[in-house]
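Asks: Structure for the following, please:
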Amino acid sequence: MRANRLAAILICACCLLPAGAAQAERADRSKPINLESDRMRVDDVQKTSVFEGSVVMTQGTLSIRADRITVRQDKDSYQYGTAIGHPAVFRQKRDGADGYIEGQADRIEYNGKLDRVEFFDHARLLREPADEVRGNYISYDARTEFFTVSGGPGSDGAAAGRVHAVIQPRPAAEEPGKAPAPAPQAPKR
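Replies: From the prediction side, this is the model:
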């Protein structure tokens, strides 16, 4: 169904939001998309689909939950999507890693032409095990893997106008050119 294809673009785009060089699970792209909502409207003339009411979209390890998801396609076949919720939430396994990327905001927008994802109002990204960034606005350019975070009124858990970030140190094995650190030993009894 055309609506599912357009919705898949939104899902894939939203899950390209890792902090640093982590990437979304590549195997998810070949998995079927499952969509559940209370209502759905499709306008083939305007190339717009709207899913409303406890929307749940999944594809492999990826999931997105929102109150409303709108997807559209322009005349050049670029896709655009907006997920709205309190909050809209996504989660996906990181490619080649054991952890997940999780993100949430009141509104998440994807621009297929620019390959950019933007999080508006109460934005938060979490990369397991404990890296986190919060602000009122987060923009991620999937082409360059560059993201920016801005504070502002309503930033969840941060003072107005401020950004909050927690970046955990990486073990020596993850640092280029360094040997892995020895595993901790349990005390002998």
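Asks: separation between Val163 and Thr148?
Replies: For Val163, the distance to Thr148 equals 9 Å [CB to CB, to the nearest Å]. (Glycine included, C-beta is placed from N, CA and C.)
Asks: These two: which is more packed in?
Replies: Val163 (19 against 12; other CB atoms under 10 Å).
Asks: hang on, the more buried one packs against Arg134?
Replies: Yes. Using CB atoms under 8 Å, Val163 is in contact with Arg134, at 7.0 Å.
Asks: Can you check which strand is longest in the protein?
Replies: In the chain, assigned by DSSP state E, the strand with the most residues is strand 79-93.
Asks: What is that one packed up against?
Replies: helix 2-14, strand 62-73, strand 100-111 (3 or more CB pairs under 8 Å, 6 or more residues apart in numbering; DSSP states H and E).
Asks: Could you pull out the buried residues of it?
Replies: By 16 or more other CB atoms under 10 Å, the buried positions in strand 79-93 come out as 79-85, 87-93.
Asks: Low-confidence stretches in the protein?
Replies: Within the chain, the segments meeting pLDDT under 70 span 1-29, 95, 142-143, 145, 153-160, 172-189.
Asks: Who is Thr82 paired with across the strands?
Replies: Beta bridges link Thr82 to Thr70, Glu109, judged by DSSP bridges.
Asks: ah, wrong one, I meant Ala165
Replies: Here Ala165, judged by DSSP bridges, has bridge partners Val133.
Asks: start the count at 40, not 1, going forward
Replies: All set: I'll call the first residue 40, so the last point we hit is now Ala204.
Asks: My guess is it contacts Gly190. True?
Replies: No. With contact defined as CB under 8 Å, Ala204 does not reach Gly190; the gap is 10.9 Å.
Asks: ok, these two, which is more surrounded?
Replies: Gly190 (18 against 13).
Asks: Wait, the more buried one touches Gly200, no?
Replies: Yes. Taking contacts as CB under 8 Å, Gly190 lies within contact range of Gly200: 4.6 Å.
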